[in-house]
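**Q** quick one: sequence plus predicted model below, questions after.
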Amino acid sequence: MDATERRRLVIRTLCLLEEKGRISLEKSFMQHGRCSVYRHSVAVARTSLDMAERLHLRVNAPELVRGALLHDYFLYDWHTGYPGPPCTHGFTHPFIALRNAAADFTLTGREKDIISRHMFPLVPIPPMTREGWLVCLADKLCALHETLFQRGGRQRWQGKKPGL
C-alpha cells in the first residue's frame, strides 16, 4: 500500500466514523500540547500505517486504522472534565474509549484489542495483535512529538511531523 492509498484509507474511515459516531467531538478536546484528540488520533492512524509499511508487516489495515482512530474515543476534556481523580485518566481512558466505541459501532476483536491495550505498560495488559502493538507504539511517538514540539504559540519542530 503506497502513501496515497494509506492517506485515502484514513480519510475514508474517518468519514464513516464521523457519519455514524461522535468522533467530531474530539476536535474540541485538547490532547497533548496544542493538539486536539481528533488530530492526535489521525496522526496515530497514519503513523501506525507508515510503521507497518516500513517494517514490512502484514496487518489488517482497515482494522488498524479504525482502532487507531478510536483508541482515545473517551469523549471528554481530560484536563477539566474527567469524571475521576485526575491522576487516573491514563489508567482508565482506554476502557472508557472502548465502552464509547462499542456503544456507537460494532467492533472486531482486533479493534477492541487496539483500543483497550494501547496504554501498555501503564495498563499492564499488553496488546495481543500486531495492529495493537503498532498503535501502542505510534501513540507514544505521536504523544512525545505533540508534547515536546506543539506547545505555545508556534511550532518549534522544523522537520516533518510524524504521521501528518
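**A** Received it, and whenever you're ready, just let me know what you need.
**Q** Cys142 versus Ala68, what's the distance?
**A** As defined by CB to CB, to the nearest Å, Ala68 lies at a distance of 10 Å from Cys142. (C-beta placed from N, C-alpha, C; glycine too.)
**Q** what's the overlap in contacts for these two?
**A** Common neighbours of Ala68 and Cys142, counting by CB atoms under 8 Å, 6 or more residues apart in numbering, are Val44.
**Q** these two: who's more crowded?
**A** Legend: neighbour count by other CB atoms under 10 Å for Ala68 and Cys142, higher for Ala68 (32 against 28).
**Q** excluding residues flanking it in the chain, which one is nearest the more buried one?
**A** Ala45 (3.8 Å; CB to CB, 6 or more residues apart in numbering).
**Q** the one you found reaches Asp72, doesn't it?
**A** No: counting by CB atoms under 8 Å, Ala45 does not reach Asp72; the two are 11.1 Å apart.
**Q** who touches both of these two?
**A** In contact with both Ala45 and Asp72: no residue, using CB under 8 Å, 6+ apart.
**Q** which strand or helix spans the residue nearest to Ala68?
**A** Using DSSP states H and E, Ala45 falls within helix 37-54.
**Q** same check on Arg66?
**A** Using DSSP H and E, Arg66 sits within helix 61-70.
**Q** before we move on, what about Tyr73?
**A** Using DSSP H and E, Tyr73 falls outside every helix and strand.
**Q** got a pLDDT number for Asp72?
**A** In the prediction, the pLDDT value recorded for Asp72 is 97.
**Q** right, I mislabeled it, should have said Phe95
**A** pLDDT, Phe95: 97.
**Q** show me the contacts for it.
**A** Phe95 makes contacts with Ser116, as judged by CB under 8 Å, 6+ apart.
**Q** that one should be in a strand, yeah?
**A** No: Phe95 is assigned helix when assessed by DSSP: H, G, I helix; E, B strand; the rest coil, not a strand.
**Q** state the distance from it to Asp113.
**A** Distance of Phe95 to Asp113, computed by CB to CB: 13 Å.
**Q** can you pull out the strands in this protein?
**A** Here the chain has its strands, by DSSP state E, at 30-32, 35-36.
**Q** so which of those strands is nearest Phe91?
**A** strand 30-32 (16.6 Å; CB to CB).
**Q** other SSEs contacting the closest one?
**A** With contacts taken as 3 or more CB pairs under 8 Å, 6 or more residues apart in numbering; DSSP states H and E, strand 30-32 sits against helix 37-54, helix 130-149.
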